[in-house]
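Student: Coordinates only, no sequence provided:
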């Protein structure tokens, strides 16, 4: 049996590919020229390990093959895992009244790079073992192309290298990455890869290889540098979602019951006759949310409008509003003071994103109240952990807010996004 056939059969046996997935195998001992990385002689790969790249164009198949690694490190792998699970949900809902064609991606691909290791067992010296090195996901959502999302499991060759080691001198890692880049270049247009996002070390390595292969220059500095904060919901006994008892539960104009919590809060604003409400985004909020989205992220007006419609349609947006009322309390929506979105969800994990308070209402406790209720609602929905990404340049108040709610920074989980020249950078 040829090496290609043997590798394919092994991956198929372990469930890492399907019959329709055709792996690309780097043959043992094959010479590989890596331009732009070294002036040394071309690298000669050792007969073991060889490398293999598998491609999936279906979210269910991708998670079936790669889900065990992603779930094992679900916080670090959140971006790929949550997007993949949401795509499965959208596909399942396709054609129903709750789904929208605009939410389905134009395309989505998952690429996995494997090292093919020889067995150490003396009983079966011919056995080969696939070792997952990295996963890349490219997807086109309602705003356009997402960053290329990268993940490398803790058991990978790259993760086990010492922090101060020169990864460019490791032939196994480079061989797999070059094979992955070559396959990616044959799948999608080069200009659809506007940026790359993932662990710092992996992103740095990928961008160097991508630029050397495509002659596309990366930007001089990362587009985003993010810390990951995590809240274990079961350990959040200090959360006080019942601090403000609900006064009403209205329905939206379409008759779909929305989550709402209202309370009379004189301490925060010192205004008598003001009712504050934490509730899901409603259609009447669209114009205000479009303005807020442009404050908190790099949205233009059209992108903000498209994204706000996406949040409304999928019930992902949350607001805290304020309404001046007479007795008895009215229940109509008022001016939005604070906003956040539950941008992605898996079965047990949720991501809170784009937390923003109006400039004239900051440092008055509104964001704390909003997040306090949203986290409690997520807990009631069965989520056991909530995460959020915070720019490394974020001012101290947002860090105090998160720590006050029980969020803790996840060590060694910093993420960067690095863009390329002459490409369109879309929010995500």
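Tutor: Arrived safely. Keep in mind it's a predicted model, so treat the numbers as computed, not measured. Numbering: from 1, shown residues only.
Student: residues of stretch 54-70 that come out buried?
Tutor: Residues 54-56, 58-59, 62-63, 65-67, 69-70 are the ones in stretch 54-70 that count as buried (16 or more other C-beta atoms under 10 Å). (C-beta placed from N, C-alpha, C; glycine too.)
Student: Just the mean pLDDT for it, thanks.
Tutor: Stretch 54-70 shows a mean pLDDT of 89.
Student: what distance separates it from the centre of its chain?
Tutor: Relative to the centre of its chain, stretch 54-70 is centred 16 Å away, using C-alpha atoms, centre = their mean, to the nearest Å.
Student: Might you list the low-confidence residue ranges for the chain?
Tutor: Scanning the chain for pLDDT under 70 picks out 1-49, 93-106, 118-128, 235-275, 323-334.
Student: so what's the closest residue to residue 229 other than its chain neighbours up against?
Tutor: Distance criterion C-beta to C-beta, 6 or more residues apart in numbering; nearest residue to residue 229, sequence neighbours excluded, is residue 407 at 4.2 Å. Contact analysis of residue 407 by C-beta atoms under 8 Å, 6 or more residues apart in numbering lists 229-231, 386, 388.
Student: rerun at 7 Å
Tutor: Residue 407 makes contacts with 229-231, 388, as judged by C-beta atoms under 7 Å, 6 or more residues apart in numbering.
Student: and of these, the nearest to residue 79?
Tutor: When these are ranked by distance to residue 79 (C-beta to C-beta), residue 388 comes first, at 12.7 Å.
Student: That closest one: what secondary structure?
Tutor: Assigned by DSSP: H, G, I helix; E, B strand; the rest coil, the conformation of residue 388 is strand.
Student: and the residue nearest to it when sequence neighbours are not counted, what helix or strand is that in?
Tutor: Counting by C-beta to C-beta, 6+ apart, residue 352 is the residue found nearest to residue 388 once chain neighbours are left out, at 4.7 Å. If you go by DSSP states H and E, residue 352 is part of strand 349-357.
Student: partners of that strand in the sheet?
Tutor: Sheet pairing of strand 349-357 (DSSP bridges) gives strand 335-345 (antiparallel), strand 385-391 (parallel).
Student: follow-up on the earlier one: across the sheet, point out what pairs with the residue nearest to residue 388.
Tutor: residue 342.
Student: How about residue 114?
Tutor: Taking DSSP bridges as the rule, residue 114 bridges to residue 52, residue 132.
Student: Look at it and say how many residues are nearby.
Tutor: 28 (other C-beta atoms under 10 Å).
Student: again with residue 280
Tutor: 21.
Student: Please list all residues in contact with residue 311.
Tutor: So, once contact is read as C-beta under 7 Å, 6+ apart, residue 311 ends up touching 281, 317, 341.
Student: Need the max-distance pair from the buried residues of stretch 54-70.
Tutor: 58 and 69 (17.6 Å).
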